[in-house]
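A.B. asks: model this:
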Amino acid sequence: MSLLAQLDPLKAEALAALAAATDLPALEQTKGAFLNALSAEDLVRISDNRIQRAEEQLKVAREKLAAGSATRSDTLRSAVEVGNARLLRLTAESSRANAQATLIETFAWMTDQLIYRL
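C.D. replies: Down below sits the predicted model:
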């Protein structure tokens, strides 16, 4: 028994109409937009991890400086790394917002096409 047959008749009819009305390039475009949105979300998560590591390294550098086993330059380098990590997170957030907007736009376009064809 197919999945369509398991659904109530109205849902099955709507899904069948969607499948018939949607062309493959539009589906591929939507799939690509979705995968880009997932990838952008991963980049934000990775950026968060990088910030956490950089802040931990800065803490260690400050402790070493206080103990006299590191130079001020080491602490400054670690502080710059924290700033760079935060900047990369902002870039990742911007990419995520752009990818999500593209996905929404693509989905809206497909929905409009489906309505137009019905």
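
A.B. asks: element containing Ala33?
C.D. replies: Here Ala33 sits within helix 24-67, counting by DSSP states H and E.

A.B. asks: just checking, what packs against the very next helix or strand once past that helix?
C.D. replies: Tracing the chain past helix 24-67, the next element assigned as helix or strand by DSSP H and E is helix 72-117. Counting contacts by 3 or more C-beta pairs under 8 Å, 6 or more residues apart in numbering; DSSP states H and E, helix 72-117 is packed against helix 9-21, helix 24-67. Where you see a C-beta, it was placed from the backbone N, CA and C, and this is true even at glycine.

A.B. asks: make a markdown table from these and add distance to Gln113 to it.
C.D. replies: Formatted as a markdown table, the entries for the helices and strands packed on helix 72-117 read as follows, by distance: least, C-beta to C-beta, whole Å:
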| stretch | distance to Gln113 |
| --- | --- |
| helix 9-21 | 7 |
| helix 24-67 | 7 |
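
A.B. asks: many thanks, we can stop here.
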